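> Take a look and give me a structure for this.
(4 chains)
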There are 2 protein chains.
Amino acid sequence: MTTSRSAADTPQAERRRRPRGAVRDGLVAAGLELARTGGPDAVVLREATRMVGVVPNAAYRHFTGRDELLAAVCTAAMDELAARMAAGVGRVRGKHGDAAAARRRLRAIGIEYLNFAREEPGLFATAFALPQRHAYGAPDDGTGRDRTPLGQLRTVLHELADAGVLHRQRRDGIEYPIWAAVHGLAVLAGQGPLRDVPDAARHRLDELTLGFIDGGLA
Amino acid sequence: MTTSRSAADTPQAERRRRPRGAVRDGLVAAGLELARTGGPDAVVLREATRMVGVVPNAAYRHFTGRDELLAAVCTAAMDELAARMAAGVGRVRGKHGDAAAARRRLRAIGIEYLNFAREEPGLFATAFALPQRHAYGAPDDGTGRDRTPLGQLRTVLHELADAGVLHRQRRDGIEYPIWAAVHGLAVLAGQGPLRDVPDAARHRLDELTLGFIDGGLA
DNA sequence: GCCATTTAGTGGACACTGTCCACATTAGCG
DNA sequence: CGCTAATGTGGACAGTGTCCACTAAATGGC
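Got it, this is the predicted structure:
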């Protein structure tokens, strides 16, 4: 090892053995894991490359920099939240037009949102750590294809309106106060000033907020 | 400059000329300015010391580390929010017991909160960047001495109850859904997915949310 | 099927950060 | 006046994001 030859001395493991987008996907997965435990600040580029087993600079072949990696992780985190919400809503029985079922679906949306924030605080914070352009102006097209949190909320509100629970007058734009109330509680009780209220009290806060929302429909 | 003598060559400005707590206060002020433009992540210790005109390590005589400095900055930011809320509430005329005045005061609280979040996004984010123990369990003592956002909200709700606007039944714990709704909107429209809605639309979101809250009192 | 070109990973470097250590000076006290 | 604790300095280290030049592997045209 005294005389350092030009190069090509050691095989140094195999190079570029990974399939097509494996490194990129691996980096996002690693970043997601980091975010899960430490929030957005914990998704550090060098650590992610270390987990994937690649040199730091390799990341720059797939992302313009740390910010773009973080953006990908944020999107993934948001997708996980959306998937959970969709699963929760899907678990509620009752066909379209049933007022009670629609109410339960709205409640399920809120519950899933709050549970995700409580059980995965790192991912929740990460999901909202970057602007993903939630398409503010775009109203849902009625197909229910929009799987974003806002889209799912709109779908359920649509159903509530159809069932006659939510009156036309109140309906326009009501998704925002509702979203705000749930999101606000999630943030305050997650990373905010209410972060260390005991579990029982937190549950009561959830119920208070969901009740407040339910009362605001009529 | 060729021969570097041992030391004590140059007077290098005066050393320790600053009054008692000047450096500490200066660091917090500098950190607050950094937070104002870039949020909590922008309050970087070395930069703050640079602004104060002191070497980085000097900060460690006043804080155990960057986190403690940040904590002080967060408290300062929260104080600024609280002061603004108090000022806004104080500007509302009408004596205690007047239902309409109480309503306007509740509205003022929300408006000031949302305005602060919009006009000082960095400070707003910083105010909630650390757990300051908002004394969850401690109810206000009726003296109105609690100047925290939650305390001020409780005071106004107390007045609303006295004026008969808010019924006993609904009153218990209602500060949390209300706080959550306002805070959630502030976060969503500030750094969140709704960050780039045009000003007019944002104003409408404010009104929708405040209206939703007002409707939830009765 | 071979070779040129693009792609993807490596190695080394730089500036910047938070933090620790040993040292020097000053302030405030007796 | 002198001692001690408080406060600021200088230098160092590990860790980070990012840039550059280089190289090996995969890909596509012929």
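
> from here on, contacts and neighbour counts on C-alpha atoms
Fine.

> Buried residues in the helix-or-strand element of chain A with minimal mean pLDDT, which are they?
Least confident helix or strand, chain A: helix A:168-171 with a mean of 86, by mean pLDDT, DSSP states H and E. When neighbours are counted by 16 or more other Cα atoms under 10 Å in any protein chain shown, no buried residue of helix A:168-171 is found.

> Show me what it is packed against.
Helix A:168-171 is packed against helix A:149-162, with contacts defined by 3 or more Cα pairs under 8 Å, 6 or more residues apart in numbering or on different chains; DSSP states H and E.

> Mind checking the pLDDT average for the helix it packs on?
Taken as a whole, helix A:149-162 has a mean pLDDT of 96.

> Does chain B have contacts with that helix?
No. Counting by Cα under 8 Å from any Cα of the partner chain, chain B has no neighbours in helix A:149-162; the shortest distance is 9.9 Å.

> and A:Arg195, how far is that from chain B?
A:Arg195 is 7 Å from chain B, where distance means Cα to the nearest Cα, to the nearest Å.

> which ones are touching the closest residue to that residue other than its chain neighbours?
Leaving aside its chain neighbours, A:Arg195 sits nearest to A:Ala189 (4.4 Å; criterion: Cα to Cα, 6 or more residues apart in numbering or on different chains). By Cα atoms under 8 Å, 6 or more residues apart in numbering or on different chains, the residues touching A:Ala189 are A:Arg118, A:Arg195, A:Asp196, A:Val197, A:Arg202.

> Quickly find the element holding the closest residue to the third one other than its chain neighbours.
I take that to be A:Asp196. Computed as Cα to Cα, 6+ apart, the closest residue to A:Asp196 that is not its neighbour in sequence is A:Ala189, at 7.4 Å. When secondary structure is defined by DSSP states H and E, A:Ala189 falls within helix A:175-190.

> Name the spans of chain A whose pLDDT lies under the cut-off.
Applying pLDDT under 70 to chain A flags residues A:1-16, A:131-145.

> and it, which residues reach chain B?
A:128-134, A:136, A:173-174, A:176-185, A:187-188, A:191-195, A:197, A:205, A:208-209, A:212, A:215-216.

> Would you list the buried entries among the residues you listed?
With burial judged by 16+ other Cα under 10 Å, the buried subset of the residues of chain A next to chain B is A:128-132, A:134, A:174, A:176-185, A:187-188, A:191-195, A:197, A:205, A:208-209, A:212, A:216.

> Next, name the residue at the spatial heart of chain A.
Centroid-nearest residue in chain A, with Cα atoms, centre = their mean: A:Met78, separated by 2.4 Å.

> Check the secondary structure at it for me.
What DSSP: H, G, I helix; E, B strand; the rest coil gives for A:Met78 is helix.

> residue contacts, it?
A:Phe124, A:Thr126, A:Ala127, A:Phe128, A:Thr148.

> what about the third one, how many residues close to it?
Close neighbours of A:Ala127, defined as other Cα atoms under 10 Å in any protein chain shown, add up to 27.

> Does it touch A:Thr75 like I think?
Yes. Counting by Cα atoms under 8 Å, A:Thr75 is a contact partner of A:Ala127 at 6.5 Å.

> Show me the contact partners of the least confident helix or strand of chain A.
A:Leu157, A:Ala161, A:Leu217, A:Ala218.

> That'll do, ta.
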